[in-house]
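Asks: Sequence isn't available, so here's the structure alone:
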């Protein structure tokens, strides 16, 4: 059974409920064509007595707290495309079946993922992360898979799927895209559903299931303008070819998530952002790639948006890691207005190179952890707060070290020119001291250098012991005005 | 009865007169004198360890140099909000892998605490050194938990007067400089109270002079 259908029931509603963290908010979607009717309602709204097809005024009376959204077909199509992108982690052969299904040809992926049940399980978990409720079904033909998913059935491996197909109710025939009457006859194969009038006719004939329709004489159906039904069923049964156009995943990731209610709570925003990151992660996995930069745009309710650039130190496809970095960035961001839409954009996926998974925690994992910690610290504390040190070949103590960016490949550290004892701690700036509290030990080390860059020094350095016994590094400044200074501790 | 206790499998029953063996691993300190006094014979690998000193520069870094030298290739040595600048040439001379040393200087005390917890909990650090302003008991407990879960030793440097306050850290050492060495009072450990302080010596008086310029590193290697 090489086709897996992902069917999204109540897609107009799911576009909005996806970003909803709590399920107690009653939410309804109204059709833009029929403004005064409820098209779909979520569980909380249904519990209060709202149902699809109800008049708007009645619904408002039943549930005063009901939040309403106008149906957005463009967003529905975008969500379908996003799921198709996401499905790229299972197979490159994906086909959209508008309005509300995605078909995956998984014949070649079965072995990799460990069988049909394993794929189904992974797909279910993945869709949950995307925040999408879906029905899955497998069948040998795309149309049959679609129909089974629409009925919420999934034929078990043992039984004859054609028989199961015969048992499906008549309504599945209308579940695909309606054939556009304007289309020429030669494009009729694009039709995946029969028209409402045909359905009505069949219903009037007393046909309740696919099996009954199949038993009807073909000539009679043709005479009644219903020959498309026979073709449709033949395609579902695999008796007629059913070519599908393959979905081409876009080279650039850009997806939006509409929040059901505007908010400025970072937890709610993060919850919704996680959905997008899961999607981005799958898009990257399909390419065996990672990204080191993406942009999360927070679109404000009125106008304008706040871009949040998420920069990683190394290419990654880890959704959890991205969410962690975003949490830190969101925590610091001051939002001028409430947010209603999140948009995640990413391009230029970078090749991460294939890595084998190891039975005994690979060294690559430790390296990843180390880099992830760095990203997290930099995201919260800022670039300047996380640094690395390197010695520099200079005789002047304050010039003998440098800060290097943690991303730069540190070249082999140059040895310090002095082979004398140096303190482990250096004071940020020399501090004037009273020499009577220090006992000098040994001879002076004269450091006289730096005439070329205005940092000229002439000093005699000594080891010195403080009253409590700790060792420090003091110097006598030979340049005017002179004096004794503390410059380091041996720690 | 005594014989019965002797025959029990190790780790099943802890007797008050013995040093406990910490649940995580053990990291040798590099100083046999100190190892002998610590439960398990070294630093506990997953614990909050408090080092109390009057002021920075008493010898706290030298005490940890053997551990820092052993930091793995893929793990950081995180230095969070150090009061002075760790001096790169001296550290390099002492054999510390500088490319693994992360110097983290957060803007506020709260962020320093956050960074300490992140660094410890990530498991990506070989050891974490933190100088925190005034962590309360709840924060210390969270740090101890993070250290325990990730098996990362977290060394927290505090002032000497903090010894009066209780702390969830299983190991607390007070450090004081001596002439050419370090005096370590074990304030708290899992085991009987320490009878006497541990005295470490890394620089005898002649070595402290500049003519024996071999550097702290080699001298420490001899001691360890």
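Replies: Received it, and whenever you're ready, just let me know what you need. Here the structure is a predicted model, which means the values were calculated and not measured.
Asks: And the residue of chain B that's closest to chain A?
Replies: Residue of chain B nearest chain A, by Cβ to the nearest Cβ: residue B:57 (2.7 Å). C-betas here are computed from N, CA, C, even on glycine.
Asks: any idea whether that residue is helix, strand or coil?
Replies: Per DSSP: H, G, I helix; E, B strand; the rest coil, the secondary structure class of residue B:57 is coil.
Asks: In contact with it: list those residues for me.
Replies: A:425, A:470, A:472, A:489-491, B:84 (Cβ atoms under 8 Å, 6 or more residues apart in numbering or on different chains).
Asks: Same question for residue A:203.
Replies: residue A:170.
Asks: where does it fall, phi/psi-wise?
Replies: With angles defined as degrees, to the nearest 10, residue A:203 sits at phi -60, psi -40.
Asks: Tell me, please, the helix or strand in chain B that averages the lowest pLDDT.
Replies: The helix or strand of chain B with the poorest confidence is helix B:205-208; it has a mean of 38 (mean pLDDT, DSSP states H and E).
Asks: Make sure I have this right: residue B:24 is in a helix.
Replies: No - looking at residue B:24 with three-state DSSP, it is coil, so not inside a helix.
Asks: Spatially central residue in chain B, please.
Replies: When Cα atoms, centre = their mean is applied to chain B, the residue found nearest the centroid is residue B:155 (4.9 Å).
Asks: Would you confirm that that one contacts residue B:49?
Replies: Yes - counting by Cβ atoms under 8 Å, residue B:49 is a contact partner of residue B:155 at 5.2 Å.
Asks: circling back to that earlier point, looking at the contacts of residue B:57, spot the one nearest residue B:168.
Replies: residue A:491 (26.4 Å; Cβ to Cβ).
Asks: wouldn't that closest one be in contact with residue B:59 here?
Replies: Yes - counting by Cβ under 8 Å, residue B:59 is a contact partner of residue A:491 at 6.1 Å.
Asks: for the residue in the stretch 51-200 of chain A that chain B sits nearest to, helix, strand, or coil?
Replies: For the stretch 51-200 of chain A and chain B, the shortest gap (Cβ to the nearest Cβ) falls at residue A:129, measuring 23.0 Å. The three-state label given to residue A:129 by three-state DSSP is helix.
Asks: Does it touch residue A:276 like I think?
Replies: No - counting by Cβ under 8 Å, residue A:276 is not a contact partner of residue A:129; they are 10.7 Å apart.
Asks: So between those two, which is more surrounded?
Replies: residue A:276 (29 against 16; other Cβ atoms under 10 Å in any protein chain shown).
Asks: Without its sequence neighbours, what residue ends up closest to that one?
Replies: Counting by Cβ to Cβ, 6 or more residues apart in numbering or on different chains, residue A:344 is the residue found nearest to residue A:276 once chain neighbours are left out, at 4.1 Å.
Asks: Can you classify the one you found by secondary structure?
Replies: Here residue A:344 is recorded as strand under three-state DSSP.
Asks: those helices in the stretch 151-300 of chain A, which residues are they?
Replies: Ranges of helices within the stretch 151-300 of chain A are A:161-166, A:196-204, A:210-215, A:218-223, A:227-236, A:266-287, based on DSSP state H, counting those that start in this stretch.
Asks: Now mean pLDDT too, for those helices, in TSV please.
Replies: Converted to TSV, the helices of the stretch 151-300 of chain A look like this (pLDDT from 0 to 100):
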stretch	mean pLDDT
helix A:161-166	85
helix A:196-204	82
helix A:210-215	86
helix A:218-223	81
helix A:227-236	83
helix A:266-287	87
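Asks: how about low-confidence regions in chain A?
Replies: Scanning chain A with the threshold set as pLDDT under 70 gives A:1, A:21, A:32-35, A:157-158, A:175-192, A:353-364, A:405-419.
Asks: So which residue is dead centre in it?
Replies: residue A:277 (1.3 Å).
Asks: my guess is it contacts residue A:322, does it?
Replies: Yes - assessed by Cβ under 8 Å, residue A:277 is found in contact with residue A:322 at 4.6 Å.
Asks: Residue of chain A closest to chain B, please.
Replies: For chain A, Cβ to the nearest Cβ, closest residue to chain B: residue A:489, 2.7 Å.
Asks: ok now do that residue, which residues does it touch?
Replies: Residue A:489 makes contact with A:423-425, A:427, A:470-473, B:56-57, B:84, according to Cβ under 8 Å, 6+ apart.
Asks: excluding its backbone neighbours, what's nearest it?
Replies: Closest to residue A:489 by Cβ to Cβ, 6+ apart is residue B:57, at 2.7 Å.
Asks: got it, and residue A:229?
Replies: The shortest distance from residue A:229 to any residue other than its chain neighbours is 5.3 Å, reached at residue A:194 (Cβ to Cβ, 6+ apart).
Asks: any idea how far the one you found lies from residue B:18?
Replies: Note on residue A:194: its distance to residue B:18, by Cβ to Cβ, to the nearest Å, is 84 Å.
Asks: do residue A:246 as well
Replies: Taking Cβ to Cβ, one finds residue A:246 at 71 Å from residue B:18.
Asks: quick one: low-confidence parts of chain B?
Replies: B:1-2, B:5-17, B:21-23, B:203-224.
Asks: in it, which spans are helices?
Replies: B:2-7, B:32-37, B:60-69, B:88-93, B:109-122, B:137-150, B:205-208, B:215-223 (DSSP state H).
Asks: give the contact list for residue 69.
Replies: No chain was given, so I picked chain A. A:16, A:27-30, A:258, A:260.
Asks: Wait, chain B was what I had in mind.
Replies: B:94-97.
Asks: so can I have CSV of those showing neighbour count?
Replies: As requested, the contacts of residue B:69 are exported to CSV (neighbours: other Cβ atoms under 10 Å in any protein chain shown):
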residue, neighbour count
B:94, 22
B:95, 18
B:96, 25
B:97, 18
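Asks: Closest one of those to residue A:118?
Replies: residue B:97 (43.3 Å).
Asks: right, and the closest one touches residue B:70 too?
Replies: No - with contact defined as Cβ under 8 Å, residue B:97 and residue B:70 do not form a contacting pair (9.3 Å).
Asks: which residue packs closest to residue A:93, ignoring adjacent ones?
Replies: The nearest residue in space to residue A:93 (Cβ to Cβ, 6+ apart) is residue A:105, at 3.8 Å.
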